[in-house]
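K.L.:
fold the following, please.
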Amino acid sequence: GQGHKKMAKQAQARMKMLQRLQDEPCEVDFDDPYLKLDFPSAGHLPPPCISVNEVAFGYEPGKILYEKCNFGLDTDSRVAIVGPNG
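P.N.:
All right, here's what the predicted structure looks like:
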């Protein structure tokens with residue numbers, strides 16, 4: 001009876017608290033030597049992992065360097081984007 005209602009209320013309160021914590025931005029000092037970020041390895045990703053379609057680019061308005069560019073990248077791709085200064 002009362003025990004289950006109390007536990008349900010506590011669970012809801014904790015869920016609300018967790019949601020507030022997740023929504024709240026936090027400051028991270030990336031220069032901290034004790035900071036350790038660990039990202040798990042991704043599983044196999046089917047190609048293309050990134051697909052770019054109908055892209056145009058130029059440094060100045062009206063001076064388009066390329067347009068209608070389409071390409072895909074997979075996990076083995078190596079890409080370099082080089083500007084006028086090399």
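K.L.:
in the chain, where is pLDDT below threshold?
P.N.:
For the chain, the stretches flagged by pLDDT under 70 are 1, 86.
K.L.:
can you show me the strands along it?
P.N.:
For the chain, strands defined by DSSP state E occupy the ranges 50-57, 66-73.
K.L.:
those: which one's closest to Leu18?
P.N.:
Nearest of the strands of the chain to Leu18, taken as C-beta to C-beta: strand 50-57 at 32.8 Å. Where you see a C-beta, it was placed from the backbone N, CA and C, and this is true even at glycine.
K.L.:
packing partners for that closest one?
P.N.:
strand 66-73 (3 or more C-beta pairs under 8 Å, 6 or more residues apart in numbering; DSSP states H and E).
K.L.:
relative to strand 50-57, how tilted is the strand it packs on?
P.N.:
170 degrees (axes from the mean of the first three to the mean of the last three C-alpha atoms, to 10 degrees).
K.L.:
and strand 66-73, how far out from the chain's middle?
P.N.:
Put simply, strand 66-73 sits 22 Å off its chain's centre (C-alpha atoms, centre = their mean, to the nearest Å).
K.L.:
ditto for stretch 32-49
P.N.:
That offset, for stretch 32-49, works out to 11 Å (C-alpha atoms, centre = their mean).
K.L.:
who touches that stretch?
P.N.:
Residues from elsewhere that reach stretch 32-49, judged by C-beta atoms under 8 Å, 6 or more residues apart in numbering: 28-29, 72-75.
K.L.:
out of the residues you listed, who's the most crowded?
P.N.:
Among these, the one with the most neighbours (other C-beta atoms under 10 Å) is Leu73, at 14 neighbours.
K.L.:
what about the residue nearest to that one when sequence neighbours are not counted, how many residues nearby?
P.N.:
The shortest distance from Leu73 to any non-neighbouring residue, by C-beta to C-beta, 6 or more residues apart in numbering, is to Ile50 (4.4 Å). When counting by other C-beta under 10 Å, one arrives at 12 neighbours for Ile50.
K.L.:
for the strands of the chain, give me TSV that also has distance to Ala8.
P.N.:
Converted to TSV, those look like this (distance: least, C-beta to C-beta, whole Å):
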stretch	distance to Ala8
strand 50-57	45
strand 66-73	48
